[in-house]
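J.: Curious how this folds, go ahead:
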Amino acid sequence: MNLTDLRRLFEFDAWANARLLDAAESLGDDAWTRTIESSFSSLRATFAHIAGAEFVWLQRWMGEKNAPVPSWYDDPSVATLREVFDALHIERREFLGTLTDGDLERPLEYNNIKGEACRFALGDALYQVVNHSTYHRGQAVTQLRQLGAAPPATDFLVFAGS
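T.: Next comes the predicted model:
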């Protein structure tokens, strides 16, 4: 595990989030909030969860042990989430720029959303975020298809080849 690989994964994460958000935006407001059962009840709820988790994890990495759920979480527009994802991408890049490979092994201590104390290597927590977002982007792809959209490819190799 090294920072070069992690930085690339987070560039991929930002790229994939933006591509799927573009697809969701093209469907209009009705589709954004329409109930489509999955882990979350709509595209809006799925994207809010992805952005909310990325936000909370960034706060944890920067030392906030009890990171709050952001105020925009419950009812975000596409435009709001685009701004959130853009800001997260910038802040994450800046945070990663402060690290050394050795920092990846240091313990990250925080309280999860249930208030339970957790401790993991920082590098593992960084990988967790990309994995988590990829999982839920897959669900968003299914929701987009159910709404009649042809979602863009978000495979890592498509990113790598672009």
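J.: So which residues make contact with the helix or strand of the chain with the lowest mean pLDDT?
T.: Sorting the helices and strands of the chain by mean pLDDT, DSSP states H and E puts helix 29-33 at the bottom, at a mean of 92. By Cβ atoms under 8 Å, 6 or more residues apart in numbering, the residues outside helix 29-33 that reach it are A24, E25, S42, L43, R44, S77, V78, L147, A149. The C-beta positions use only the backbone N, C-alpha and C, and glycine is treated the same way.
J.: cool, and stretch 148-160?
T.: So stretch 148-160 is contacted by 11-12, 15-16, 19-20, 22-24, 26-27, 31, 137, 140-141, 144-145 (Cβ under 8 Å, 6+ apart).
J.: try 7 Å
T.: F12, W15, A16, R19, L20, A23, L27, R137, V141, L144, R145 (Cβ atoms under 7 Å, 6 or more residues apart in numbering).
J.: so what's the last one up against?
T.: I take that to be R145. P151.
J.: Would you agree it falls within a strand?
T.: No - using DSSP: H, G, I helix; E, B strand; the rest coil, the assignment for R145 is helix, not a strand.
J.: so how far is T154 from it?
T.: 13 Å (Cβ to Cβ, to the nearest Å).
J.: Narrow the contacts of helix 29-33 to just the buried residues.
T.: A24, E25, S42, L43, R44, V78, L147, A149 (16 or more other Cβ atoms under 10 Å).
J.: so where do the helices sit in this protein?
T.: For the chain, applying DSSP state H gives helices covering 3-26, 29-33, 43-61, 78-97, 122-146, 156-161.
J.: for the residue nearest to S26 when sequence neighbours are not counted, phi and psi?
T.: The shortest distance from S26 to any non-neighbouring residue, by Cβ to Cβ, 6 or more residues apart in numbering, is to A149 (7.1 Å). Main-chain torsions, A149, degrees, to the nearest 10: phi -90, psi 150.
J.: if we can go back for a sec, which pair in the contacts of stretch 148-160 has the greatest spatial separation?
T.: F12 and L27 (23.7 Å; Cβ to Cβ).
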